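> what follows is a predicted structure for the sequence shown.
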Number of protein chains: 2
Amino acid sequence: MVSSSNTPATRKPVAQLYYELLTLGDELLLGLTANGHLTFIGAQLGRRGVTLRRNITITDDADVIVAQFRESWARADVVITTGGLGPTCDDRTRECLAEVLGQKLVHDASVEASIVARFARLGRTMTPNNLKQALVFERGEVLVNANGTAPGLWVEQDGKILVMLPGPPNELQPMFIEQIVPRLAARGLLTEKEAYVQLRTSGVGESALETRLQPIFDRFGAALSIAFCAHSGHVDCRVSSPGGQLDDLQLQVIAAQCAKLLGEDFVCYGHDSLAKVCADMLRAQEKTLACAETASGGLLANSFTDISGASKFFAGGTVCYSNESKMQLLDVPECLLAQHGAVSAENAVAMATGAAEKLGADYAVAITGFAGPCGGTQENPVGTFFLALHAPHGVWSKKLSYPGPRTTVKVRAVNAALDWLRRELVRAASGASAISPRGEAMQ
Amino acid sequence: MVSSSNTPATRKPVAQLYYELLTLGDELLLGLTANGHLTFIGAQLGRRGVTLRRNITITDDADVIVAQFRESWARADVVITTGGLGPTCDDRTRECLAEVLGQKLVHDASVEASIVARFARLGRTMTPNNLKQALVFERGEVLVNANGTAPGLWVEQDGKILVMLPGPPNELQPMFIEQIVPRLAARGLLTEKEAYVQLRTSGVGESALETRLQPIFDRFGAALSIAFCAHSGHVDCRVSSPGGQLDDLQLQVIAAQCAKLLGEDFVCYGHDSLAKVCADMLRAQEKTLACAETASGGLLANSFTDISGASKFFAGGTVCYSNESKMQLLDVPECLLAQHGAVSAENAVAMATGAAEKLGADYAVAITGFAGPCGGTQENPVGTFFLALHAPHGVWSKKLSYPGPRTTVKVRAVNAALDWLRRELVRAASGASAISPRGEAMQ
């Protein structure tokens, strides 16, 4: 292993380091699998003061890999590769990069032993092609893979760093957090803290958000860098000071001014989901929540149950496609369904109330609607949703309408429900009169 | 507009065309949003005979955009860019690409009118920064954006094609399908059909799959190209013939031989999810399904309700976190929960049976477990799940154990449940005795 005194740590501040990510695999270019590595590694580096400069996705072809790696290695301080370390014939990363770096591949007995042990533990037969994964660089470190067969590799050469990671996310992610981040930090190639402040907002479009916040930004001119990013259900605004003229405390004060100006449209600092923000308020207020869904089909319940410790606030939920299930599980009266139909404000309210009562919850959110592409009526075409919010002090409903395919409108209806609940919980926490300006009182 | 006689269509076969995708935006490099454009555009092109050669993600910085686009334009036949067309100060794609191509940006009155109309329709105030989006290339075509303010742009110049698309997926995706694909096809830059056959499998690892299928592949030597891609819950195997020695019919025959060899481990040709495959069999067999979940929290129900027309086979589901909710919604006996606990084979079976009875379904799948990171017992630590499958002819349960974070183990438990149901439905369709070798009979 080359000594770490050769690394870029001795030469550049973290913000000027050039990190490049090479994601390898035809399956990415053919859209057969999402490039989650960019999202994961980009976020991990971003939180530690590094903005990844470039991500390049290329095919498994050996000539293309060799040419691209040669270019990336010439340009970057740290090159991270993902994929192509597996046992099958289309896994060529190891051989190609060894060629460019002039390194030999050598057999590693301990890697072979751990591959053999892993197959034995899982009770599976090891096919011989797996042994290819025991080939490692002659000058480099092996990164143990606790969740798979292909180890990662860490190489320091030419004053640069090469990190080679296996493709499966459940193997790559723990390896990156447990083995790569500490190595980079030890060499001064990462900072310890967030280098920007992010405000998460909802209910305001990107352009209106910029216009509302502009008076604050104007006071700081070019010292402040602003970036907006619209997501499904929320818009993020990131403030940073790339030149370093503003320190962390100043950035936090600016972000707090933005949050105050935005009022209820401000969701949180950082990256928490709407569901997580609701969950934190429910726990703080010692209240419980139930869900009753038709058209959103479990997506609302799932967004809450993704949160660790959900059983502390989440009583449960139902997905009631048939009218019988609404009557059986939630005590929705048959006459109500006959008179108003399942896609109605009345049914939404009955489902929310039924869920709160059956599951003994303080709050309940109901979503009913036509997700499409079939169904719908003249009055309530595909894309129409009725939400209801049952709270300790009353129950309200609102009607919404979304264009788009089935999975998109499900997400939008769930986001609307989460944001409505969030605003009610904000008001409950502040002791304000909890009548939602965007819903209609029903009872 | 430049005449289409200048386009690469006149020079190369589709498989040799060089398509490059530039995805622009700091939010991608910082991992704040996933690069869904690569997945979507890669899949759209892949199904029409084109393997995207390269995807490059770079920052919003003007100098970087100009340098990268100059390089990409020199190399590729078709360059597609996404993002940076919006109204805010970090949207710079239009200006940078115009500079490289030596084009002027001109104001388009009809684009401005449609932006103004869109804000009026949504009842929102239009801030002046939106008008920047009415600037278009002097030589090029405007692509109407039905779902947002920033139009796309189509440019034919230097015998190449440039496509500029807005960043939000709900704007980009319909624009790509409705406006870009037909334009590319009209110029002979796409084929009309799939250029490969994909087999989806489950229950077999990547290396074992290669070993099992190798005898078939060996017969065709270098004429056949094979690629494997492991996903959560399934492994895909793609067979193609890049040199064209094998025609479509031959590829289909090879794929059919692989499917036959794999037996029940073969899921489907193409891209259908496990839930979709189950749904198709349930509809064909005129059977209905119910779900009962604890630890998977609605994810199983959601995977079925993502499917159009789910109401034809999906009766409904419950998410029962508390013991009270299991008793209230599914008639699970209190004494059973007291004796065996909620994370037990007995409770899984009681939940499945309760769901089938309450919701009047032929099949019911139950998932209970400890998703973690808290909870668990010595006998059943975090990651332990019990599944139960209620079928017309009996009910079975099985115990599984997964390592990993909460959202990962939820997905794995749901995939296991889906695959179990799939195998039972395959056997029911074939009239085989339906006793699952991987589950234990309970009743």
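Perfect, thanks for sending it.

> so A:Val395 sits in a helix?
No: assessed with DSSP: H, G, I helix; E, B strand; the rest coil, A:Val395 is strand; it does not lie in a helix.

> who in the stretch 51-200 of chain A is up against chain B?
Residues of the stretch 51-200 of chain A lying near chain B by C-beta under 8 Å from any C-beta of the partner chain: A:51-60, A:86-90, A:124-127, A:129-130, A:147, A:149, A:167-168, A:170, A:198. Placement of C-beta: from N, CA and C, glycine included.

> can you give me the end-to-end span of stretch A:379-396?
Its first and final residues considered, stretch A:379-396 spans 21 Å by C-alpha to C-alpha, to the nearest Å.

> so how far is stretch A:252-263 off the chain centroid?
Centroid separation between stretch A:252-263 and its chain, computed with C-alpha atoms, centre = their mean, to the nearest Å, is 24 Å.

> what of stretch A:258-265?
With C-alpha atoms, centre = their mean, you get 23 Å for stretch A:258-265.

> now do it, average pLDDT.
Taken as a whole, stretch A:258-265 carries a mean pLDDT of 96.

> for the stretch 301-443 of chain A, which spans come out with low pLDDT?
A:432-443 (pLDDT under 70).

> quick one: name whatever helix or strand follows the helix or strand encompassing A:Ser207.
If you go by DSSP states H and E, A:Ser207 is part of helix A:206-218. Per DSSP H and E, helix A:206-218 leads on to strand A:225-230 as the next helix or strand towards the C-terminus.

> so which of the residues of the stretch 51-200 of chain A next to chain B are in strands?
A:Arg54, A:Asn55, A:Ile56, A:Thr57, A:Ile58, A:Gln198 (DSSP state E).

> if we can go back for a sec, need the contact partners of the helix holding A:Ser207.
A:201, A:204, A:224, A:226, A:228, A:230, A:235, A:237, A:254, A:257-258, A:261-262, B:86-89, B:124-127, B:129-130, B:149 (C-beta atoms under 8 Å, 6 or more residues apart in numbering or on different chains).

> of these, buried ones?
A:201, A:204, A:224, A:226, A:228, A:230, A:235, A:237, A:254, A:258, A:262, B:86-89, B:126-127, B:129-130, B:149 (16 or more other C-beta atoms under 10 Å in any protein chain shown).

> and the residues you listed, which of them are in helices?
Among the buried ones among the contacts of helix A:206-218, the members falling in helices are A:Ile254, A:Cys258, A:Leu262 (criterion: DSSP state H).

> got those as CSV, with distance to A:Ala98 columns?
Formatted as CSV, these follow (distance: C-beta to C-beta, whole Å):
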residue, distance to A:Ala98
A:Ile254, 48
A:Cys258, 50
A:Leu262, 53
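
> now these in a markdown table, with distance to chain B?
Converted to a markdown table, these look like this (distance: C-beta to the nearest C-beta, whole Å):
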| residue | distance to chain B |
| --- | --- |
| A:Ile254 | 16 |
| A:Cys258 | 15 |
| A:Leu262 | 15 |
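
> of those residues, just say which sits nearest to B:Asn35.
A:Cys258 (27.4 Å; C-beta to C-beta).

> tell me how far that closest one lies from B:Pro168.
22 Å (C-beta to C-beta, to the nearest Å).

> enumerate the positions of the helix holding A:Ser207 that are buried.
Under the neighbour-count criterion of 16+ other C-beta under 10 Å, helix A:206-218 has A:Glu206, A:Ser207, A:Ala208, A:Leu209, A:Glu210, A:Thr211, A:Arg212, A:Leu213, A:Ile216, A:Phe217 buried.

> just put those residues in CSV and tack on distance to B:Leu184 and pLDDT.
Converted to CSV, the buried residues of helix A:206-218 look like this (distance: C-beta to C-beta, whole Å; pLDDT from 0 to 100):
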residue, distance to B:Leu184, pLDDT
A:Glu206, 30, 86
A:Ser207, 31, 86
A:Ala208, 35, 90
A:Leu209, 35, 93
A:Glu210, 34, 92
A:Thr211, 37, 93
A:Arg212, 40, 94
A:Leu213, 40, 94
A:Ile216, 45, 93
A:Phe217, 41, 92
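
> of all those, which comes closest to B:Lys398?
A:Glu206 (48.3 Å).

> how much space separates the closest one from B:Asp90?
10 Å.

> next: A:Gly86.
A:Gly86 sits 38 Å away from B:Asp90, going by C-beta to C-beta.

> got it, and A:Leu274?
In terms of C-beta to C-beta, A:Leu274 sits 24 Å off from B:Asp90.

> with A:Ala185 instead?
For A:Ala185, the distance to B:Asp90 - C-beta to C-beta - is 29 Å.

> neighbour count: those two, which is higher?
B:Asp90 (21 against 14; other C-beta atoms under 10 Å in any protein chain shown).

> who's in contact with that one?
A:Ile226, A:Ala227, A:Phe228, B:Asp26, B:Asp60, B:Gly84.

> tabulate the residues you listed (CSV), appending pLDDT and distance to A:Ala290.
As requested, the contacts of B:Asp90 are exported to CSV (pLDDT from 0 to 100; distance: C-beta to C-beta, whole Å):
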residue, pLDDT, distance to A:Ala290
A:Ile226, 87, 40
A:Ala227, 84, 38
A:Phe228, 86, 35
B:Asp26, 87, 40
B:Asp60, 87, 43
B:Gly84, 89, 43
